[in-house]
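Chemist: no sequence on this one, just coordinates:
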Ligand code: AMP
Ligand code: ZN
């Protein structure tokens, strides 16, 4: 896709610290390094976001995500991971080429602290369930 920075990395037009590559995808270090080893997995083909990705490609990408996470566990002694994808601006997506973040976690509290707010006292769970199911 024209002017897409991740397409350019996939085509080796601009450099990236690539740690895994095959015919369909690659993994490279995120420049921001929220934690040591913060990695992005991208398909070589351009898809804007999660909902657009071909399902066979997506299945391959999640398998590669596991393979790369195992490597980071071994090489960097990661104690755990957050695996996330942001879809659309409302969810914080800044690069419109689908990518999966692998964020290794260590004992120290470093640059990534996801928190789920417990709203259970304020919401009607049945109402939400019914909206989804009906
Ligand atoms: P998101 O907010 O989910 O769209 O994440 C985009 C990520 O891409 C951010 O964490 C950026 O640090 C990262 N990023 C942007 N440009 C590059 C680049 N040229 N090489 C590596 N990571 C990049
Ligand atoms: Zn792209």
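Modeler: Perfect, thanks for sending it. Small disclaimer: the values here were computed from a predicted structure and weren't measured. Ligands and ions are numbered 1, 2, ... in the order given.
Chemist: which of the residues in stretch 58-65 are buried?
Modeler: 58, 60-61, 64-65 (16 or more other C-beta atoms under 10 Å). (Each C-beta comes from the backbone N, C-alpha and C, glycine too.)
Chemist: Revised request: answer the last question for stretch 100-116.
Modeler: Across stretch 100-116, burial judged by 16+ other C-beta under 10 Å covers 100-105.
Chemist: same check, this time on stretch 89-102
Modeler: Residues of stretch 89-102 classed as buried under the neighbour-count rule (16+ other C-beta under 10 Å) are 93, 96-102.
Chemist: hmm, who's touching that stretch?
Modeler: 1, 4-7, 27, 30, 37-43, 46-50, 52-53, 61-62, 65, 68-69, 72, 81-87 (C-beta atoms under 8 Å, 6 or more residues apart in numbering).
Chemist: Start from the N-terminal end of the chain and give the helices.
Modeler: 5-10, 55-76, 125-133 (DSSP state H).
Chemist: tell me the most buried of those?
Modeler: Ranked by mean neighbour count, the helices of the chain are led by helix 5-10 with a mean of 18 (mean count of other C-beta atoms under 10 Å).
Chemist: Now the residue nearest the centre of the chain. Nearest residue, chain neighbours left out?
Modeler: Centroid-nearest residue in the chain: residue 100, 1.8 Å away (criterion: C-alpha atoms, centre = their mean). Among residues not flanking residue 100 along the chain, residue 41 sits closest, at 4.4 Å (C-beta to C-beta, 6 or more residues apart in numbering).
Chemist: Lovely, talk soon.
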